[in-house]
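The sequence and its predicted three-dimensional model are supplied below.
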Amino acid sequence: MATPQVVIAPLLVALGTAVLALLTRWDTRVQRATSILGAVAYLGGVAALFRAVRLDPDNRLVYQVSGWDAPFGITLVADPLSTLLLALAAVVSLVAAVYSTRAVDLEGQRLSYHALYHLMVVGVTGALLTGDVFNLFVWFEVMLMSSYVLVAFDSGPASTRAALQYAVLNLLGSAVMLLAIGGLYATTGTLNMADMARRLAEPAAYGIDPAPVLGISAVLLVVFLLKAGVVPFQFWVPDAYRAAPAPVTAMLAGVVKKVGVYAVLRLYFTVFAAAPVAVSLPGIEGGPELGVLAFFGPVLFLLATASTLLGGLGAIDQPDLEGLLAYSSIAQIGFILLPVAVAATATDPAVRTVGVAAALVYSVNHGLAKSLLYMAGGAVEDAVGSTRLSDLGGLTETTPVLSGVVLVGALSLVGIPPLTGFFAKLLVFDTAVRAGAPLALGVALAGAVLTIAYATRVWNRAFWGDPGPRVQAAAAAALTRAGSTMEEAGDAVTDGGADPGAAPEDASAGHGDAHDQHHGDLSAAASIADPLLVGCTLALAVLLVALGVGFDPLYTAATDAASAALDTGAYVDAVDPTTAGEALADGGGGGSGGAHDIETLRSLRGDGR
């Protein structure tokens, strides 16, 4: 059995890397090596934690900081839900860290980039592992404060304006989040998630009125959806994603958005769902067996629908690659929330499990595919100097490998087998069919059609067809550089000892051979993209294919993660074993993760626990 200290290992590695990146500013090569090695060590720490959780009999590891037991101390909890998203963060952060060493200017790297980048990873890690609501707020702020600076890293007018908008909206959201957390403490008397779930499950025993939890949790939901960029809180997304450096945007879209999704799953399905609150609002009815989820299910469905449709329609009309991908991210977050909305109002535990698993698989697919596409866009801009679709075209001729990588990412978003995206979309459709939700199925189909439309547009305009003016100029510059290199090599050979007695016809023949070789080298030089940047995107493309071909491990991990999110009793038992399930044992809880569902959900896992 693994020691609890393995839970805190990824957090310490990321924090240590950020500190070392500051201390090694005296040599950019040492600093870059430190950043990459730290990202590798972080991946190793997450892999060790993932394995330890899988091998643990309870599939949960708890670390009480400084030995202070819950609910009084700071608790870190690693379970299949948190470790799955940690694995996504570790993979994307490593690739983006390598990409950053070439994509970000050296002076920017030396001053602060790597330290800020790894502090953002620290915030992501802490948010995914924390076991209390207040520290969720703290880790959100660590994550967002570093991202504010990274969005404005280019220091231009557009970057500064986008970063200001991003910071103001998210700081307002953070203030509201802190007020809501204060309301939760005033209502429940605790901030520890497990202790809060225990108290909400049997409010009479603790003198709690659970009714205010509905309103407070609604306020919190607004904050999480703002940070995830869900309609109608998406206004900051296009400008911020355009302004930030490509590896930062890859992290924001691929990883940081998923922290908001995680917060929704953890708090609303694991904690708030335990409250026996009957909901009776116009068009919304739900007894204590659904609790607050009876309210949030329809709300999430409306927001998921708006995000899917508005984001997809907005992506179709964008003039540049960054804008198209930004609106695509808004649409894809709708796809992630759609099965969550269906799961929230489902009474069948199997449907609930499949719905949450579908959201998690889609999160992994979107995290990898969208990170790939943003970094590919950065490689295009580095090579061509523009990402406007009118300036591009014919990139399949000048950057064939990069074009193939983009095709893989786009097809994965569309949902073409055998890529991961196919199974992600299939699970979303399966959730809607199992739940008997034709509206959800219609939204998913409409979103899929819109995804095909904007993916086809970007491929035809940017990668297919005749090269645009910028692409032609970049290819000509690459050929010129290759020609200069060949001429210098030829001069070196000549100066190094041409035979003065060679016959003229021999010289002529040699000149013809040299010309043919020169022409072949120029053709080979037509690949204008930076090899390192292309290699980073290629790594993610290979992973998308591998996870699709061997989908079963990912599906198993997602199903276990869904069960962990829904099993309130097991979460309480792991975090606070001295009061294991006191309030849940008699069936008094009412949420989807309440006591009446615990045995059913455990039987779904097949382990009898």
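On my side now, so go ahead. Numbers count the residues shown, from 1 in each chain.

what stretches of the protein score poorly on pLDDT?
1-2, 277-291, 478-527, 577-609 (pLDDT under 70).

All the strands of the stretch 151-300 of the chain, in order from the start?
279-281, 284-286 (DSSP state E, counting those that start in this stretch).

Repeat that for the chain.
With DSSP state E as the criterion, the chain has strands at 61-64, 75-78, 279-281, 284-286.

May I see the buried residues of the second one?
Of the residues in strand 75-78, those buried by neighbour count under the rule 16 or more other C-beta atoms under 10 Å are T75, L76, V77, A78. C-beta coordinates here come from the backbone N, C-alpha and C atoms, glycine included.

Distance from the chain centre to it, please.
21 Å (C-alpha atoms, centre = their mean, to the nearest Å).

packing partners for it?
helix 28-55, strand 61-64, helix 114-129, helix 193-201, helix 568-575 (3 or more C-beta pairs under 8 Å, 6 or more residues apart in numbering; DSSP states H and E).

What are the contacting residues of stretch 410-422?
The contact list for stretch 410-422 (C-beta atoms under 8 Å, 6 or more residues apart in numbering) reads 328, 332, 361, 364-366, 368-370, 373, 408, 424-426, 448, 451-452, 455, 458-459, 544-545, 547-549, 551, 554.

ok, of these, which come out buried?
Of these, these count as buried by 16+ other C-beta under 10 Å: 328, 332, 361, 364-366, 368-370, 373, 408, 424-425, 448, 451-452, 455, 458-459, 544, 547-548, 551, 554.

Just the ones of these in helices?
Judged by DSSP state H, helices contain the following of the buried ones among the contacts of stretch 410-422: 328, 332, 361, 364-366, 368-370, 373, 408, 424-425, 448, 451-452, 455, 458, 544, 547-548, 554.

so what's A369 up against?
G409, A410, S412, L413, T420, G421, L540, L544.

Tell me which of the residues you listed fall in helices.
Using DSSP H, the contacts of A369 in helices are G409, A410, S412, L413, T420, G421, L540, L544.

May I see the residues you listed arranged in JSON lines, with distance to E107 as well?
Output for those, formatted as JSON lines (distance: C-beta to C-beta, whole Å):
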{"residue": "G409", "distance to E107": "31"}
{"residue": "A410", "distance to E107": "34"}
{"residue": "S412", "distance to E107": "36"}
{"residue": "L413", "distance to E107": "35"}
{"residue": "T420", "distance to E107": "38"}
{"residue": "G421", "distance to E107": "38"}
{"residue": "L540", "distance to E107": "28"}
{"residue": "L544", "distance to E107": "34"}
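
What are the phi and psi values at A346?
phi -80, psi 140 (degrees, to the nearest 10).

burial measure for the residue nearest to D209 when sequence neighbours are not counted, as a count.
Nearest residue to D209 in three dimensions, chain neighbours excluded: P203, at 6.7 Å (C-beta to C-beta, 6 or more residues apart in numbering). As a burial measure, P203 scores 22 neighbours (other C-beta atoms under 10 Å).

and P203, what is it in contact with?
By C-beta under 8 Å, 6+ apart, P203 lies in contact with D209, P210, A275, P276.

Between the residues you listed, identify the one with the most neighbours.
Neighbour-wise, the contacts of P203 (other C-beta under 10 Å) top out at A275, 29 neighbours.

Does it touch L200 like I think?
Yes - applying C-beta atoms under 8 Å, one finds A275 in contact with L200, separated by 4.0 Å.

thought K227 was touching N170?
Yes - with contact defined as C-beta under 8 Å, K227 counts as touching N170 (6.5 Å).

Overlap in contacts, the two.
What both K227 and N170 touch, as defined by C-beta under 8 Å, 6+ apart, is the set L144.

quick revisit: return the closest of the contacts of P203 with respect to A562.
Nearest to A562 out of the contacts of P203 is A275 (C-beta to C-beta; 20.6 Å).

Tell me the backbone dihedrals of the closest one, please.
phi -80, psi 130.

Could you report the distance from it to A211?
9 Å (C-beta to C-beta, to the nearest Å).

And for D58?
D58 is 33 Å from A211, by C-beta to C-beta.

Kindly report the same for A186.
Counting by C-beta to C-beta - A186 and A211 are separated by 13 Å.

Let's have the buried residues of strand 75-78 in TSV, adding distance to V223.
Shown next, in TSV, are those (distance: C-beta to C-beta, whole Å):
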residue	distance to V223
T75	22
L76	22
V77	21
A78	24
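
out of the residues you listed, who's nearest P469?
Among the buried residues of strand 75-78, and counting by C-beta to C-beta, the member closest to P469 is A78, at 52.3 Å.

wait, what's in contact with the closest one?
If you count contacts by C-beta under 8 Å, 6+ apart, then A78 has V6, V7, L49, A52, V53, R60, L61, V62, Y63, L86, L129 around it.

change it to 7 Å
V7, L49, V53, R60, L61, L129 (C-beta atoms under 7 Å, 6 or more residues apart in numbering).

now S390
P319, G468.

Can you tell me how far it is from S155?
Applying C-beta to C-beta to S390 and S155 gives a distance of 27 Å.
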